[in-house]
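> okay, predicted coordinates and the sequence, questions at the end:
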Amino acid sequence: MKKQFFLTLFTLLLLTTSCGGSANSPKGIANQFLGLVSKGEYEQAKTFGTTNTAMYLDFSAQMMPEGVDKTFGYKILRDSVAGDHAWVFFYDERTEKEESLDLIKVDNKWKVDLRMKK
């Protein structure tokens, strides 16, 4: 009985970590951030980002007073981590293109780092 319990527990852990990453991993943070942005919940999304991200979201909200496009869908594809920097690649269903988010570690936590493009 114990063996079956541990096998079931192991399987559940494997499934939850392979489908988007743990909550504190770059994939997990990106998934939470994109989920909130896709619903137009910018204030909550800011908690997963840097100061730059908060400014970017504020600017975006001003540029789209009617709100975010509720048809925004995405699928996390993969991530790449190099020290305190990470990139999470996702498929944007709206544009039908692969996009990426930059993340950095701030106080030992992963944060989405959006910046205005020049």
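Yep, it's here.

> and the helices in this structure?
Remark: helices assigned in the chain by DSSP state H are 2-18, 26-38, 42-45, 51-63.

> which stretch in the ones you listed is the model least sure about?
Sorting these by mean pLDDT places helix 2-18 lowest, at a mean of 36.

> centroid-nearest residue for this protein?
The structure's the chain has its C-alpha centroid closest to residue 30; by CA atoms, centre = their mean the separation is 1.1 Å.

> hang on, isn't that one packed against residue 77?
No. Contact criterion CB atoms under 8 Å: residue 30 and residue 77 do not qualify, at 10.4 Å. Yep, even glycine has a C-beta here, placed from its N, CA and C like the rest.

> what do these two both touch?
Residues touching both residue 30 and residue 77 (CB atoms under 8 Å, 6 or more residues apart in numbering): residue 90.

> quick check: the gap between residue 107 and residue 88.
19 Å (CB to CB, to the nearest Å).

> for the two, indicate the residue with more neighbours.
residue 88 (28 against 5; other CB atoms under 10 Å).

> how close does the nearest residue in space to the more buried one that is not next to it in sequence sit to residue 63?
Once flanking residues are discounted, residue 88 sits nearest to residue 30: 3.8 Å by CB to CB, 6 or more residues apart in numbering. Distance of residue 30 to residue 63, computed by CB to CB: 22 Å.

> quick one, what contacts the residue nearest to residue 88?
76, 79, 88, 90, 101, 103, 112 are the contacts of residue 30 under CB under 8 Å, 6+ apart.

> test my guess that the third one contacts residue 27.
Yes. With contacts defined as CB under 8 Å, residue 88 counts as touching residue 27 at a distance of 5.7 Å.

> what sits in contact with each of the two?
Jointly contacting residue 88 and residue 27 under the rule CB under 8 Å, 6+ apart are 76, 79.

> OK, contacts around residue 91?
For residue 91, the contacting residues are 74, 75, 77, 97, 98, 99, by CB under 8 Å, 6+ apart.

> in stretch 41-59, what counts as buried?
42, 45, 46, 48, 49, 50, 52, 53, 54, 56, 57 (16 or more other CB atoms under 10 Å).
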